[in-house]
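Student: sequence and predicted structure, then a few things I'm wondering about:
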Amino acid sequence: MDDTDYALGRTNTEYERLIEQAEVMRPLTERTLHAAGIAAGMRVLDIGCGMGDVSFLVADIVRPRGSVVGIDLDVSVPHLVDQRRAARGLENHDNQASER
């Protein structure tokens, strides 16, 4: 996949920008998820998960019985998100997605 697929590119600088943006938008995102009916125990698929920030927020809502699977076209993302997941102390019961 080349950078033409995503207008802002696929660089560490862009990944950092996305993380910062997610932090700014977190309160609105959280309200939107609750308004959409996301609740404890649900199983959620985050398509286009990017750096995983929405997936992490959803995990906070659905845990401990629920689960979240995030997928993204960017082949660099699974490894980077898995590092961020581990740093947050979140368990990964199926790491197959990052192997694909």
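Tutor: Everything's here; your move.
Student: from now on I want contacts and neighbour counts done on CA atoms only, so please keep to that.
Tutor: Fine.
Student: roughly how far apart are P78 and V24?
Tutor: Distance, P78 to V24, using Cα to Cα, to the nearest Å: 23 Å.
Student: compare these two (neighbour count), which wins?
Tutor: Counted by other Cα atoms under 10 Å, P78 and V24 do not tie: P78 has more neighbours, with 24 against 11.
Student: I'd like the next helix or strand past the helix or strand where Q21 lies.
Tutor: Element membership for Q21 (DSSP states H and E) is helix 12-35. Moving toward the C-terminus from helix 12-35, the next helix or strand (DSSP H and E) is strand 43-47.
Student: adjacent strands (with direction) for that next one?
Tutor: strand 67-71 (parallel) (DSSP bridges).
Student: what's the mean pLDDT across the following helix or strand past the strand it pairs with?
Tutor: Reading on from strand 67-71 to the C-terminus, the next helix or strand found by DSSP H and E is helix 77-87. Across helix 77-87, pLDDT averages out at 88.
Student: compute the inter-axis angle for helix 77-87 and helix 12-35.
Tutor: Interaxial angle of helix 77-87 relative to helix 12-35 (axes from the mean of the first three to the mean of the last three Cα atoms, to 10 degrees): 70 degrees.
Student: centre of the chain versus helix 77-87, how much separation?
Tutor: When C-alpha coordinates are averaged (Cα atoms, centre = their mean, to the nearest Å), helix 77-87 and its chain have centres 9 Å apart.
Student: pull out the buried residues from that helix.
Tutor: Buried residues in helix 77-87, counted by 16 or more other Cα atoms under 10 Å: 77-78, 81-82, 84-85.
Student: hmm, back to that, which residues does the helix holding Q21 contact?
Tutor: The contact list for helix 12-35 (Cα atoms under 8 Å, 6 or more residues apart in numbering) reads 8, 50-51, 53-54, 57-58.
Student: try 10 Å
Tutor: 8-9, 11, 36, 38-39, 50-54, 57-58, 60-61, 77, 80 (Cα atoms under 10 Å, 6 or more residues apart in numbering).
Student: state the mean pLDDT of that helix.
Tutor: Averaged over helix 12-35, pLDDT sits at 94.
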